[in-house]
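K.L.:
Test case, fold it:
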Amino acid sequence: MPEEKKAPAKKPQSKKTPAKKTATKKKKVAKKKPISGFKVNVYSIEGEVKHQTDLPPVFKSEYRPDLIRRAVKASRANRRQPYGPMKMAGMQHAASQWGKGRGVARVQRMTQGRTAVESPPNVGGRRAHPPRPEKDWSQKINKKEKRKALASALAALRDPELVSKRGHKINDEMTLPIVLENDFEDLSDIVVDKYPDETERRYTKEALEILNNLGLDGEIQRVVDGKHIRAGRGKMRGRKYRKPKGILFVVSNKEGMRKCLTNIPGVEVSTPKALNIELLAPGGDAGRLTIFTEAALKELEV
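P.N.:
Take a look at the predicted model:
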């Protein structure tokens, strides 16, 4: 018989001692410095270029018109007030039906006459499908989306094409957004020193002179010429006129600027902390002409 081949003997494996784990030092992650923004001119109240400054990093955000429109729609819906008729409106009558056999419609009629009441088809009857006061008009939006929409609306302020699409009259040589020196916030004090007699003080006139120095007189005239009578029922309800949105002023001291800017047509005043999506992008259209002061611009860096 053929001899059976023996399997080769296995070599005894030596037990390997596990290698000691060397303690690895954690590398310190260096904090990223914020990316510097774009250079813009800083203008004096005489309309001259004083120096240049960097815009905060938020102005380098991505332009997202879809998020801006969604945030504006939610903001409008959330401040909408519920409305509707009284629960018993159109039903407060002593009424009954005449029944059949009289050759007239079998609707509710006044007990002290023949006037038809209560039913929706009748003159003076209740409404068929009125708006309900309990309806919830609010819309939800994620916090991150809302924050990103605000950053996107701020970034759109530096785009001349978007600003022009909104109809604003701007000078091609100016950098956007327009940045003024901090002396602009002391305008009310300057007017008080200039005119000791209180009856001679013209706060709005002095502010208009500064805007004329910046070459924005055409923008003011655009708002004045755009004022028109509203179409529809709104003109019967205390809001007869409509006018275009004008310049948005962002200042650190809002109280001191109200006297000077409130009476200019289309102008709104805000602080950096109070900025919202409807101020920066009225109607969901980004690119509103905005004027910052140096102090207000620095507050956006935080």
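
K.L.:
show me where pLDDT drops low in the stretch 1-150 of the chain?
P.N.:
Flagging of the stretch 1-150 of the chain using pLDDT under 70 yields the residue ranges 1-37.

K.L.:
how about the strands in the stretch 151-300 of the chain?
P.N.:
Defined through DSSP state E, counting those that start in this stretch, the strands belonging to the stretch 151-300 of the chain, from first to last, are 178-180, 228-229, 241-242, 248-250, 268-270, 290-293.

K.L.:
For the fifth one, which strands pair with it and how are they oriented?
P.N.:
Read it as strand 268-270. For strand 268-270, sheet partners with direction are given as strand 248-250 (parallel), following DSSP bridges.

K.L.:
Residues contacting the partner strand, please?
P.N.:
Outside of strand 248-250, the residues within contact range by C-beta atoms under 8 Å, 6 or more residues apart in numbering are 257, 261, 267-272, 275, 279-280, 288-293, 296. All C-beta spots, glycine's among them, are computed from the backbone N, C-alpha and C.

K.L.:
Mind listing what's buried along that strand?
P.N.:
When neighbours are counted by 16 or more other C-beta atoms under 10 Å, the buried residues of strand 248-250 are found to be 248-250.

K.L.:
And stretch 191-203, by the same measure?
P.N.:
Those would be 191, 203, for stretch 191-203 by 16+ other C-beta under 10 Å.

K.L.:
Could you tell me how many residues sit around residue 79?
P.N.:
By the other C-beta atoms under 10 Å criterion, the neighbourhood of residue 79 contains 10 residues.

K.L.:
Could you do residue 94 as well?
P.N.:
As a burial measure, the neighbour count of residue 94 was computed by other C-beta under 10 Å and equals 8.

K.L.:
ditto for residue 292
P.N.:
Burial measure for residue 292: 25 neighbouring residues, criterion other C-beta under 10 Å.
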